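J.: The sequence and its predicted three-dimensional model are supplied below.
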Amino acid sequence: MEPSESQSSSNIGGDLAKDNKFKHRGQIVLRMTNFKEFSEGCGPKYVLSDPVEFINGLPWRIKIKRTGKGTHIGFFVLCDGDKSDAVWTCHATFLCKILSCQKSGECFGQLKGRHVFNALEFNRGWPRFIKFDELMDPTKGLYDEKADAVTFKVELITKKPIGMW
């Protein structure tokens, strides 16, 4: 199966202006629809946020994947940098979370990571971020049953890439 791409991605103002491809921080939001189908293994194996979000000149995405024999959500930060040039690196710190569909500002997870991204190690995250049954539990408020959607968010801070330009 081919990967699916999301319906939405967002960013916020100031240093994070969408037209500033060289900002040092940003956020990526992926509102993943048709989530029940995905959770049951009927949809794509993974979903990428689209369009990419440029931070420090590099294209970044969220990747959500079914893992653990289909029991878990894998949540990854992906740097779509130049894979043909193996000498670049970019240090990044990121915070991954699932936003509540019931209470504005509330979220689940908030797992923080740090990684040196490059052409060979271009993604980082958690293959077992949360179990599907926990995520879809109505008492958690993460799965919007009416919209059949879950909203994932990454806050990302990067240092200037080395070995590019």
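T.: The structure has been received and is ready for your questions.
J.: use CA for all of it now, contacts and neighbours both
T.: OK.
J.: Surely F38 is in a helix?
T.: Yes. Assessed with DSSP: H, G, I helix; E, B strand; the rest coil, F38 lies in a helix.
J.: what's the closest non-adjacent residue to it?
T.: P44 (6.6 Å; C-alpha to C-alpha, 6 or more residues apart in numbering).
J.: partner residues bridging the residue nearest the centre of the chain?
T.: The chain has I62 as the residue nearest its centroid, 2.3 Å off, counting by C-alpha atoms, centre = their mean. For I62, the beta-bridge partners are V77 (DSSP bridges).
J.: residues contacting it?
T.: I62 is in contact with 28-30, 48-49, 75-78, 153-154, counting by C-alpha atoms under 8 Å, 6 or more residues apart in numbering.
J.: repeat that for 6 Å
T.: For I62, the contact set (C-alpha atoms under 6 Å, 6 or more residues apart in numbering) comprises 48-49, 76-78.
J.: Name the helix or strand for the residue lying closest to F76 once chain neighbours are set aside, please.
T.: Distances taken as C-alpha to C-alpha, 6+ apart place G125 nearest to F76, at 4.1 Å, with adjacent residues excluded. Per DSSP states H and E: G125 is located in strand 123-131.
J.: Run through the neighbouring helices and strands of that strand.
T.: strand 72-79 (3 or more C-alpha pairs under 6 Å, 6 or more residues apart in numbering; DSSP states H and E).
J.: could you check the distance from L30 over to K160?
T.: Per C-alpha to C-alpha, to the nearest Å, L30 is found 25 Å from K160.
J.: rewinding a little: tell me the buried residues in the next helix or strand after the strand holding G125?
T.: Counting by DSSP H and E, the element after strand 123-131 in chain order, helix or strand, is helix 132-135. Within helix 132-135, the residues scored as buried using 16 or more other C-alpha atoms under 10 Å are 132, 135.
J.: Pull the distance from the helix or strand following helix 132-135 to the chain's centre.
T.: Proceeding N to C from helix 132-135, the next assigned helix or strand is strand 149-158, under DSSP H and E. Centroid separation for strand 149-158 versus its chain: 5 Å, with C-alpha atoms, centre = their mean, to the nearest Å.
J.: Same check on stretch 104-111?
T.: 14 Å.
J.: how near is Q102 to G68?
T.: Applying C-alpha to C-alpha to Q102 and G68 gives a distance of 28 Å.
J.: hmm, I was thinking of D80
T.: Counting by C-alpha to C-alpha - D80 and G68 are separated by 25 Å.
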